[in-house]
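Enquirer: give the three-dimensional model of this entry:
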Amino acid sequence: MPWKSGSGNEGNPWGGRPGLGLDIEEMGQRIQDRFKKFQPGGGLWGGLIIVVIISVGLAVWTSYYTVPSDSVAVIQRFGKYLKNVPPGLHFKLPLGIDEATIVPVKRQLKQEFGFITSGGRDPYQSPRPRDATRETQMVTGDLNAALVEWVVQYRIADSVKFLFEVREPSETLRYVSESVMREVVGDRTVDEVITIGRQEIENEALVKMQALSTKYAMGISIDQVQLKNINPPKPVQESFNEVNQAQQEKEKLINEARRDYNKVIPLAEGEKDQRIREADGYRLRRINEAQGDAARFMALLSEYSKAPEVTRRRIYLETLQEVMPNIKSKIIIDEHTRSILPLLNLERDKDVRP
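Expert: Presented below is the predicted three-dimensional model:
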């Protein structure tokens, strides 16, 4: 808005003393009149005052800075490294003497290979559109082709090395990651890369990327390497899907066979153990019975040696006591009896009282 001309009070730069009841419009007019002298053509002193005011404002504006909670500030004085500053509000020498560079050391950063995620502020987070397809094209150890997409998650472990040891460390990390991934994939067959070898590839790539980052003093710590989509080239993708489906069907049948195996075999083994335990029990019972019979016979033999006639008769009576109750019909015949009925019927009718 252009300033308006008007008379001013030379004794007071604001055009009057405070408290005299000047209205706002009059005070604004007098301020504009006073600053009109600072415009070009208003005199040498006016230009110098403008330069001083601008310099002071610029110095104040560049003397303080704020460090986020997940970052540190690297301070350089005349371009030389001075110190690291923790999070919070801080002050520095103004007018470019001290320069503060914010480095997010506590934030997990990532780089994507083969695909692009919108919204990233890091220019090296995603590949350039013309490089996205080229990065995924790799040759496996059996001279087949595969399209590999992966993500590298990392942190800035040393802010000084990250800023000063390597030029463009984020871009260098992309080159290192792509080189290592091509090396690891090139040592395996296409079936391992696409199916069963994903975990091994991730672990080996992580170790090699971290080793190169340490060797180049990049100040970066690799947290994780994660494979995303791994596909064969488009001309053979349909055939590969059929092969993959057949392999899955094979695995399904194998799992079903293992399920039946785990159901039948433990049952048969349990029955086998039961039969073995029953045989062992029968064996022990027969052995104990035989040993008991042998011991009883030896005791009987000892008694028989002492009194053969008495022992023989006692054995005869004990045998009859065991046998007679099991015989339903009992007829005793006395050969020396001369009567008409030389027998004794021991069977009695149950209804007849004795």
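
Enquirer: please name every helix or strand in contact with the lengthiest helix in the chain.
Expert: Using DSSP state H, we find that the single longest helix of the chain is helix 234-306. Using 3 or more C-beta pairs under 8 Å, 6 or more residues apart in numbering; DSSP states H and E, the elements in contact with helix 234-306 are helix 308-323. C-beta coordinates here come from the backbone N, C-alpha and C atoms, glycine included.

Enquirer: now the helix it packs on and helix 234-306, what's the angle there?
Expert: 130 degrees (axes from the mean of the first three to the mean of the last three C-alpha atoms, to 10 degrees).

Enquirer: could you give the mean pLDDT of helix 308-323?
Expert: Averaging pLDDT along helix 308-323 yields 85.

Enquirer: repeat that for stretch 96-114.
Expert: 92.

Enquirer: what's the end-to-end length of that stretch?
Expert: Terminal residues of stretch 96-114 are spaced 40 Å apart (C-alpha to C-alpha, to the nearest Å).

Enquirer: which residues touch Leu93?
Expert: Listed by C-beta atoms under 8 Å, 6 or more residues apart in numbering, the contact partners of Leu93 are 63, 77.

Enquirer: below-threshold pLDDT in the protein: ranges please.
Expert: 1-47, 330-334, 337-354 (pLDDT under 70).

Enquirer: please enumerate the helices of it.
Expert: Under the criterion DSSP H, helices of the chain are mapped to 24-36, 44-61, 132-136, 159-164, 169-186, 190-191, 198-215, 234-306, 308-323.

Enquirer: which positions in stretch 52-71 come out as buried?
Expert: Going by neighbour count (16 or more other C-beta atoms under 10 Å), the buried part of stretch 52-71 is 62, 65, 67, 71.

Enquirer: closest to Glu335 out of the residues you listed?
Expert: Nearest to Glu335 out of these is Ser71 (C-beta to C-beta; 127.3 Å).

Enquirer: and that closest one, what does it touch?
Expert: Contacts of Ser71 (C-beta under 8 Å, 6+ apart): 87, 102-107.

Enquirer: if we can go back for a sec, so which of the buried residues of stretch 52-71 belong to strands?
Expert: In this view, the buried residues of stretch 52-71 that belong to strands under DSSP state E are 65, 67.

Enquirer: quick check, nearest of the buried residues of stretch 52-71 to Lys306?
Expert: Ser71 (110.7 Å).

Enquirer: so what's the closest one closest to, chain neighbours aside?
Expert: Among residues not flanking Ser71 along the chain, Pro104 sits closest, at 4.6 Å (C-beta to C-beta, 6 or more residues apart in numbering).

Enquirer: how close does the most centrally placed residue in the chain sit to Arg155?
Expert: By C-alpha atoms, centre = their mean, the chain has its centre lying nearest to Gln224, at 10.6 Å. Noted for Gln224: a distance of 11 Å to Arg155, by C-beta to C-beta, to the nearest Å.

Enquirer: do the same with Leu173
Expert: 12 Å.
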